[in-house]
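K.L.:
could you work out the structure for the sequence below:
(chains A and B)
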Amino acid sequence: MSAQGLLFKIQENLGSNQRLSAFYDFTYSSSEDNVEGAVSSFTGIQKNSAISNDSSLHTGFLLNIVSSSESGITGQIPIALQNDKLDLTYTNFQVPLDGLNANNLATLIDFEFKDGDIDDGIILGCLKTGEETIQSFDIENSEGFNIGVTDRGHLFCQTFGPNGDSIDVMYSVELSKRNLIAVSTAESFITLSSFDYFNNLVRSLEIPVDQNYISSNSVLNFGGSDSYFRSNNNTDKTFSGSLNNLAIFSGYMEEEFLKDLGEGILGDYSYTAETETIEQRVTGYSETIVYRTGITGYDYVSTGTLEIITAREEFTGSITSASDETKVEGERYYKYYTLNNGDIQTFYKEELGKLHSDSGYVYYPTGEDAYDTLGLNDVSESISAYTETTGIIQGTISIDLFGKTPLTGVLSEVSGVTQTPLEESYSIYTLASSGVSISVDSEDFKKNFIYYIGDRS
Amino acid sequence: MTYNYIVSTGDSTISGSVSSILNKNNLSHSSQQYLSTKYSILDKNGNPKVNPFYFDESIITGSNCSLLSLNSQTLLEGGFSTTEGKNRIYYNIEDSGNYTIDIENSKGNIIFDSELDLTSDDVLFYDKRINSSPFITGKTSTSIGSWNDVVTNLLYSIDAEDPTSDTSEMEQKYFLFFNGQKVVSFDYSSDLDDVTGIAFAIRKESRINEVTGIADIYGNKFVENHVDFYLNGMEQDPKDFIQTNTGVYMIETGVDSSVFLINQQIETYTL
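P.N.:
Numbering: from 1, shown residues only, chains lettered A, B, ... in the order given. Reported below is the predicted structural model:
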């Protein structure tokens, strides 16, 4: 993620990656990508990152991983690049300048110490001193400079100039286990900077130099130097730590600017795509004349009927057959007759004494008693019986009844104007955003030792 | 000596740490220009008091979010009321406070109590702290057990607002100061029985680690510049200690770095 973060910062601040000459995040992918050589000379390498201006340049060399066979070094590569950092106690690292000038470049170095005691050593070493004879005099000369750390844990810069060796120690900065520092070189000075991202601080040391004594280099070494009081061989490992990230830029850069670029190295790049939200907005109003409403007429609707008697009451009746009854002679019964003259339908009845149908209807007295005097016999016969239904009817007519219902409607009188908002859809765009947050694990950037320097008595 | 360090441990990421750590050990500055102010406080002689110290208003943003140490002594912030005069409005510091903050009207000036004599040679550091009112109690008795009563009174006050069961929980959650000195242990102290004064407690911030008893500490990760160091209860200048990484070589203190070359000579005098 650091490559993306750095690229974002470069694009943001410089507009292009033209000044990013090299970047190494020391991520191990496969040993095949980290070997260079042929026949009987193979060397471990770290390729320049694709985000640099020309990744075909500045291929870095793992100086202590060399062998006469490819198989002799492939096993060493993952050890040197364990945990995505270059272990400088395992191998030193060398970057060819390929056209860059040591007195006109800037480097960002993300390094960390190993656990345990901190010994002095070289982080960036390109100082090379020598001697030449000019007009029979032995004259000391030099190129480059060394950036290292003292065993007190302070950064130093070692240079050589007309007055001889010079070491400037950056006493104001206490280093953490992991640190991001910058070295920026110009014609007449080197700026050594340390960045404190917790407190948003840049602490720098400007070391005046004579450009004639620091230019002419062809390589930058990391972990060793050709000229150091403990070693004069750039393959001697002097630094007890590792490189997490390394960026090299062409030309001098201000320390505040380098701090900003450093955020990209330590941070995670994030991108949020543009989002669109559709909202409605009022663009105007349409006007509508409103007329008064009121009663425009009436409607008559049937609400029911009314019955009116038109004639006097008349009796009516009917008979229906009932169970036959048995009557003895002389017993009274009714004989029914029906009347139907069209308008009136009823019945009437005649009360009779029963005479048996077989009697021939001739009777002679048989005694003195009242009954006997009639000559009736003690016989019975079935007669038809009826059930009577009687009633009264009158002549009527039915009249429809109507109710009055007002009809409402729009009158011609104006009562007002209605305004109706006219709306249109529009889009609100949340612009695409991108940035870097320093989400790297902060623990190693913190301090873990407080030393009291007052009187303890 | 009692060594007491309070270190900010920060977050697991740098961005998270930046947003969570509090500004500590800010050196107060003097005003570079004459400021005519309508608000003032009278000194003990009834004259307008000169308060020479100013704070950064982007750090201290209101009342009850600062902690001041004046010449190593921690001061108590009080509230204030004002009395309006014809020409000026005069502060009156309340709650037994040594100073007060009036963001709206004092233009970054720290308003000190009338009784406090100040010169520009005094050293004043201020920390930002989470906004909370201090719990204050006075100690007027010097009888045996009177310090215990003070701690108990504070515990009752705290418990009423922030349920706290006992002094050991209070010690975990609160800093305690007595007459400007930080009290490391809340346990019974016969020494403090004999003293009268003002005690106050303020809530501890989150993400801190407090280490007591040793001059040098190592192993606990902390954010540089966010360390308070109290020596015998008095806050020390950050220049009095180094914040670095373990593994570095230190020059031992107390060893004479001078080498005396003595050439013994004998001279013979004729008396």
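K.L.:
what about whatever residue of chain B ends up closest to chain A, which SS state?
P.N.:
The minimum distance from chain B to chain A, using CB to the nearest CB, falls at residue B:248 (3.3 Å). For glycine as for every other residue, the C-beta is placed from the backbone atoms N, C-alpha and C. Put simply, residue B:248 is coil when judged by DSSP: H, G, I helix; E, B strand; the rest coil.
K.L.:
you'd agree it is up against residue A:151?
P.N.:
Yes - Residue B:248 lies in contact with residue A:151 (CB atoms under 8 Å); the separation is 6.9 Å.
K.L.:
and for those two, which residues touch both?
P.N.:
residue A:118 (CB atoms under 8 Å, 6 or more residues apart in numbering or on different chains).
K.L.:
which one's more surrounded, those two?
P.N.:
More crowded of residue B:248 and residue A:151, by other CB atoms under 10 Å in any protein chain shown: residue B:248, with 21 against 14.
K.L.:
for residue 154, give me its contacts.
P.N.:
Looking at chain A here, since you left the chain open. A:169, A:170, A:171, A:173, A:174, A:175.
K.L.:
my bad, chain B
P.N.:
B:135, B:137, B:170, B:176, B:199, B:200, B:201.
K.L.:
identify all contacting residues around stretch B:72-92.
P.N.:
B:38-42, B:48, B:63-64, B:66-69, B:93-102, B:105, B:111, B:113, B:123, B:134, B:136, B:177, B:180-182, B:198, B:200, B:234-236.
K.L.:
7 Å - rerun?
P.N.:
Residues outside stretch B:72-92 that contact it (CB atoms under 7 Å, 6 or more residues apart in numbering or on different chains) are B:38-42, B:64, B:66-68, B:93-102, B:111, B:134, B:136, B:177, B:180, B:182, B:198, B:200, B:234-236.
K.L.:
pull out the buried residues from that stretch.
P.N.:
Residues B:72, B:73, B:74, B:75, B:76, B:77, B:78, B:80, B:88, B:90, B:91 are the ones in stretch B:72-92 that count as buried (16 or more other CB atoms under 10 Å in any protein chain shown).
K.L.:
could I have the buried ones of the contacts of residue A:154 as ChimeraX selection syntax?
P.N.:
In ChimeraX syntax, the buried subset of the contacts of residue A:154 is picked out as below (16+ other CB under 10 Å):
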select /A:169,170,173,174,175
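K.L.:
could you list which of the contacts of residue A:154 also contact chain B?
P.N.:
Restricting those to those within reach of chain B (CB under 7 Å from any CB of the partner chain) leaves A:174, A:175.
K.L.:
that older thread, which ones are touching the nearest residue to the residue of chain B closest to chain A once chain neighbours are set aside?
P.N.:
Spatial nearest neighbour of residue B:248, chain neighbours left out: residue A:153 (3.3 Å); criterion: CB to CB, 6 or more residues apart in numbering or on different chains. Neighbouring residues of residue A:153 by CB under 7 Å, 6+ apart: A:118, A:174, A:175, B:244, B:245, B:248.
K.L.:
surely the first one and residue A:148 touch.
P.N.:
No - the pair residue A:118 / residue A:148 is not scored as a contact, 11.3 Å apart, by CB atoms under 7 Å.
K.L.:
counting only strands, which of the contacts of stretch B:72-92 make the cut?
P.N.:
B:39-40, B:66-68, B:93, B:99-100, B:111, B:136, B:177, B:182, B:198, B:200, B:234-235 (DSSP state E).
K.L.:
quick check on those: which are buried?
P.N.:
Among the ones in strands among the contacts of stretch B:72-92, those buried by neighbour count (16+ other CB under 10 Å) are B:39-40, B:66-68, B:93, B:99-100, B:111, B:136, B:177, B:182, B:198, B:200, B:234-235.
K.L.:
just those that are near chain A?
P.N.:
Among those, no residue sits close to chain A (CB under 7 Å from any CB).
K.L.:
does the closest residue to residue A:124 other than its chain neighbours sit in a helix, a strand or a coil?
P.N.:
Leaving aside its sequence neighbours, residue A:124 sits nearest to residue A:147 (CB to CB, 6+ apart; 4.2 Å). Put simply, residue A:147 is strand when judged by three-state DSSP.
K.L.:
how close does residue A:147 get to chain B?
P.N.:
To chain B, residue A:147 is 17 Å away according to CB to the nearest CB, to the nearest Å.
K.L.:
so what's the residue of the stretch 1-150 of chain A found nearest chain B closest to, chain neighbours aside?
P.N.:
Residue nearest to chain B within the stretch 1-150 of chain A: residue A:118 (4.2 Å; CB to the nearest CB). Nearest non-adjacent residue to residue A:118, counting by CB to CB, 6+ apart: residue B:247, 4.2 Å away.
K.L.:
list phi and psi for the residue nearest to residue B:41 when sequence neighbours are not counted.
P.N.:
Distance criterion CB to CB, 6+ apart; nearest residue to residue B:41, sequence neighbours excluded, is residue B:91 at 4.2 Å. Dihedral pair for residue B:91: phi -80, psi 150, per degrees, to the nearest 10.
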